[in-house]
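[1] what's the 3D shape of this:
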Amino acid sequence: MDLDVFIREHLPLEPTPGVPEVRLHRAGPRSGLSRLAKADADFGSPYWARPWGGGLVLARHVLDRPETVAGRTVLDLGAGSGLVAIAAALAGAAEVTAIDVDPYAVAATRLNAAANGVAVRIIRADPLDGEPPEVDLVLVGDLFYAPDLAARTEALLRRCRTAGVAVLIGDPWRAPLPVDRLSVVARHPVADYGDVEGAVRDAAVFTLI
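    Purely as a prediction, here's the structure:
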């Protein structure tokens, strides 16, 4: 199965709720993602097929305050759909890299970046146990949803800060988020996936304390 063709044909390209400047290929009730799962035994959760609260609040923040990224080299860690990377590129980042471990997320980010007319360097890898990336700013949306992953993510981000790399985190206050070690930079209401249609919840952009 040609993944690019599947995404283009079955995931409509639509403005993102709360971030209409960015269009994403988004899954709907008739997208048939189960066909991908049947064709690939390693198919995981299709988080790349929908925008999530942390990415939404971070993308909104970057677009509302382009000085956050303008002229800087930026890494979108755990890119998913590529929403945050695309927002950073639209806001004037000098260079944007998106990284994700999932090959489907890599494909989705590539297609979404092209659909929005921006250049994003895309890497498939798990960098969480490695050295800090050589960028000015790391943006992280929605990686604090499981305790083990949250711990690995925070450890990398603290290594980044020690190395002089700035960090911003977007999250709708999920339980594994280490809120006692973070400071709120901005807050926005977002429509997180899984909530009742039309509902919004509070989400925030954080930096490390």
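[2] low-confidence ranges in the protein?
    1, 194-198 (pLDDT under 70).
[3] contacting residues around residue 60?
    Contact analysis of residue 60 by C-beta atoms under 8 Å, 6 or more residues apart in numbering lists 18, 19, 87, 188, 190. All C-beta spots, glycine's among them, are computed from the backbone N, C-alpha and C.
[4] Quickly find the element holding it.
    Using DSSP states H and E, residue 60 sits in helix 53-64.
[5] For that helix, list every residue counted as buried.
    53, 54, 55, 56, 57, 58, 59, 60, 61, 62, 63 (16 or more other C-beta atoms under 10 Å).
[6] need the next SSE after the lengthiest helix in the chain, C-terminal direction.
    In the chain, with assignment by DSSP state H, the single longest helix is helix 147-162. Note on helix 147-162: by DSSP H and E, the next helix or strand toward the C-terminus is strand 166-171.
[7] what's next to that next one, contact-wise?
    53-59, 61, 68, 84, 136-142, 144, 157, 160-161, 177, 182, 185, 203-208.
[8] go on, stretch 139-151?
    By C-beta under 8 Å, 6+ apart, stretch 139-151 touches 47, 52-59, 62, 74-78, 80, 83-85, 88, 128, 153-154, 157, 167-171, 174, 176-178.
[9] Quickly run through the sheet partners of the strand or helix carrying residue 123, with directions.
    Per DSSP H and E: residue 123 is located in strand 121-124. Here strand 121-124 is paired, per DSSP bridges, with strand 95-100 (parallel).
[10] what's near enough to touch the residue nearest the centre of the chain?
    In the chain, the centroid-proximal residue (C-alpha atoms, centre = their mean) is residue 79; its distance is 3.9 Å. The contact partners of residue 79, by C-beta under 8 Å, 6+ apart, come to 85, 98, 99, 100, 105, 109, 122.
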